[in-house]
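>>> Return atomic coordinates for the entry below.
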Amino acid sequence: MKKVIIYGLGVSGQAMYELLGDECEILLYRDGEGVPEWAEGKKFLGKGESIPDDTDALLLSPSVPLNRPLVKACKEKNIPVMGELELGNGNKRKDDYGKSNQSHTAQCGQVVLRAGQHRRSVLFDV
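From the prediction side, this is the model:
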């Protein structure tokens, strides 16, 4: 089972968690204080904790700057760093994270819209 860290707990972080939750072991990470309701009781990587050696990817919410210490540390350890769209846009082969590229991208768009309370069925497809 793949192990990923999701950095950012907003709509995009929630969408990535919902999409990959059954397919990957997930650690959540957040700079700020407080935890949104959807993330309560989930596994977290604490501030200052070491990145697990068996981490396969760091998945970023769009609001996370690339100069954050966790992002830099993952890059130094050659852990792939990507956003939710990169996760499904063809940079990874089918089934790297349990989803085919096209279906993952469309599903991720649907989850983002649902979490944002929008009433559309598909945001985009590739």
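>>> what about the closest residue to Val81 other than its chain neighbours, which SS state?
In space, Val81 comes closest to Leu58 once its chain neighbours are excluded; the distance is 4.7 Å by C-beta to C-beta, 6 or more residues apart in numbering. Every C-beta, even on glycine, is put in place using the N, C-alpha and C of the backbone. Of the three states, Leu58 takes strand under DSSP: H, G, I helix; E, B strand; the rest coil.
>>> If Leu58 is in a bridge, with which residues?
Ile5, Val81 (DSSP bridges).
>>> who's in contact with it?
By C-beta atoms under 8 Å, 6 or more residues apart in numbering, Leu58 lies in contact with Val4, Ile5, Tyr7, Leu70, Val71, Cys74, Ile79, Pro80, Val81, Met82.
>>> change it to 7 Å
Contacts for Leu58 (C-beta atoms under 7 Å, 6 or more residues apart in numbering) come out as Ile5, Tyr7, Val71, Cys74, Ile79, Val81.
>>> Can you lay out these as a markdown table showing neighbour count, pLDDT and distance to Ala15?
Below are the contacts of Leu58 laid out as a markdown table (neighbours: other C-beta atoms under 10 Å; pLDDT from 0 to 100; distance: C-beta to C-beta, whole Å):
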| residue | neighbour count | pLDDT | distance to Ala15 |
| --- | --- | --- | --- |
| Ile5 | 23 | 94 | 15 |
| Tyr7 | 25 | 94 | 14 |
| Val71 | 17 | 94 | 19 |
| Cys74 | 20 | 94 | 20 |
| Ile79 | 18 | 93 | 21 |
| Val81 | 18 | 91 | 17 |
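>>> Just name the closest of these to Pro52, please.
Minimum separation from Pro52 among those (C-beta to C-beta) is found for Ile5, which lies at 8.3 Å.
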